[in-house]
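Colleague: would you be able to build a 3D model of this:
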Amino acid sequence: MNTKRHEYSACIKWTGNTGEGTAKYNSYKRSWQLATSGKPLVECSNDPVLGGDPAKHNPEDMLVASIASCHMLWYLHLCAVAGITVTSYKDIPLAIGEMETSGAGRFKSITLRPQIVITATSNIEKARAIHNDVHQYCFIARSINFPVEIEPGIVRV
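Modeller: Below is the predicted model:
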């Protein structure tokens, strides 16, 4: 198999030291900054269930958004190659997680629910079928160990 290596890097800097560090469980904030070279800084926090700031992105938000975004980008690419013209794409994915009494958690599944508009001359059956092909390509979906389901709504206009 011929492969090409890709590298990704980020800088994670904890910003939650309120003066005592982690001296006590409630003495620090679960906040940090995510920086990647040449891109805007992202203020992050833990899931609010775990004491995080609900106004900031958390790792779970970012994973769900990453999976949905990767699927969308490959879907658009494969539609373009197949001669299907997409004019609108919006997804509101739903991830299901579970947390043990110890606090350990994991994702059980994610359902992508893209609402897609294609042109009247585009093949709607082919547009639906392409969703099944995306999993062969999506870098992120190929790297996770829980199911990703697709429930597309596609209309022609």
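
Colleague: where do the strands sit along this structure?
Modeller: 11-14, 31-35, 42-45, 86-91, 94-99, 105-112, 114-118, 148-150, 153-156 (DSSP state E).

Colleague: what's the most buried one of those?
Modeller: Of all those, strand 114-118 carries the top mean neighbour count, a mean of 19, counting by mean count of other C-beta atoms under 10 Å. No exception for glycine: its C-beta is placed from N, CA and C like everyone else's.

Colleague: so what secondary structure elements neighbour that one?
Modeller: helix 59-82, strand 86-91, helix 124-134, strand 153-156 (3 or more C-beta pairs under 8 Å, 6 or more residues apart in numbering; DSSP states H and E).

Colleague: which of these has the lowest mean pLDDT?
Modeller: Mean pLDDT is lowest for strand 153-156 out of the helices and strands packed on strand 114-118, coming in at a mean of 92.

Colleague: strand partners (parallel or antiparallel) of it?
Modeller: strand 114-118 (parallel) (DSSP bridges).

Colleague: okay, angle between the strand it pairs with and strand 86-91 too, please.
Modeller: 170 degrees (axes from the mean of the first three to the mean of the last three C-alpha atoms, to 10 degrees).

Colleague: just send the strands of the chain back as CSV, with distance to residue 53 too.
Modeller: Shown next, in CSV, are those (distance: least, C-beta to C-beta, whole Å):
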stretch, distance to residue 53
strand 11-14, 13
strand 31-35, 6
strand 42-45, 4
strand 86-91, 25
strand 94-99, 19
strand 105-112, 18
strand 114-118, 29
strand 148-150, 28
strand 153-156, 33
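
Colleague: which one, of these, ends up nearest to residue 23?
Modeller: strand 11-14 (14.5 Å; C-beta to C-beta).

Colleague: and the closest one, what does it pack against?
Modeller: Using 3+ C-beta pairs under 8 Å, 6+ apart: strand 11-14 touches strand 31-35.

Colleague: just to check, residue 141 is in contact with residue 69?
Modeller: No: in this structure residue 141 lies outside contact range of residue 69 using C-beta atoms under 8 Å: 10.8 Å.

Colleague: have a look at those two and say which one is more surrounded.
Modeller: residue 141 (20 against 15; other C-beta atoms under 10 Å).

Colleague: ok, the more buried one to residue 108 distance?
Modeller: Applying C-beta to C-beta, to the nearest Å, the value for residue 141 to residue 108 is 15 Å.
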